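# have a look at this prediction, sequence included:
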Amino acid sequence: MTVSDTAKKMMCLVGVHYIFALSLGLGILQLLSAKFQIETPSAFACGLTLGAALSAAKIMLLQQSIARSLGSVEQTSAAAMGFLIRNALTAGLLILAVFVPLIGVWGTALGLVLLQTSAFGIKLRGD
């Protein structure tokens with residue numbers, strides 16, 4: 001499978017936003033940890049890493065769904081199944097983050113938002 005230029009740019013932006021979110025999130029976590037009981041920095045980083053990895057995987061799954069939706073009727077229904085798979089993966093990761101104390105919920109949520117920020121960055125740049 002070939003990766004489109006837009007998908008490559010989005011994955012690069014996910015990586016850049018990951019580094020920014022990690023440094024900013026750990027700084028805010030350090031400031032707030034003195035007054036509030038929040039997740040540990042390692043749990044935040046683990047959640048952010050898993051969320052960013054799922055965001056990158058969702059970019060690839062989205063590209064496959066778009067390619068399938070341009071095909072026949074059978075492939076269009078497979079594209080709809082891809083939508084369900086992407087959302088099930090997101091829900092599964094969030095549920096995992098809630099029940100596993102080593103994975104931070106806030107970091108996971110921030111990592112999942114990286115997909116939207118990278119799409120907005122592509123749109124803002126006009127690519």
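Ah, there it is.

# just the pLDDT at the residue lying closest to L115 once chain neighbours are set aside, thanks.
Distance criterion Cβ to Cβ, 6 or more residues apart in numbering; nearest residue to L115, sequence neighbours excluded, is S55 at 3.9 Å. Heads up, the C-betas are built off the backbone N, CA and C, glycines and all. On the pLDDT scale, S55 is placed at 92.

# how about the one 5 residues further on?
According to the predicted model, the pLDDT of M60 comes to 89.

# that one - how many residues pack around it?
Per other Cβ atoms under 10 Å, the neighbour tally for M60 reads 14.

# isn't it up against T2?
No. M60 is not in contact with T2 according to Cβ atoms under 8 Å; the separation is 11.2 Å.

# overlap of the contact sets of the two?
Common neighbours of M60 and T2, counting by Cβ atoms under 8 Å, 6 or more residues apart in numbering, are absent.

# surely the residue nearest to L115 meets T108?
No. Between S55 and T108 there is no contact under Cβ under 8 Å: 10.6 Å.

# OK, contacts around A52?
A52 makes contact with 14-15, 17-18, 21, 111, 114 under the criterion Cβ under 8 Å, 6+ apart.

# please identify the helix or strand for it.
helix 41-69 (DSSP states H and E).

# for A80, which three-state class applies?
With DSSP: H, G, I helix; E, B strand; the rest coil as the basis, A80 sits in helix.

# number of residues surrounding it?
Neighbours around A80, by other Cβ under 10 Å: 12.

# equivalent analysis for A57, please.
With other Cβ under 10 Å as criterion, A57 counts 14.

# sweet, I'm off.
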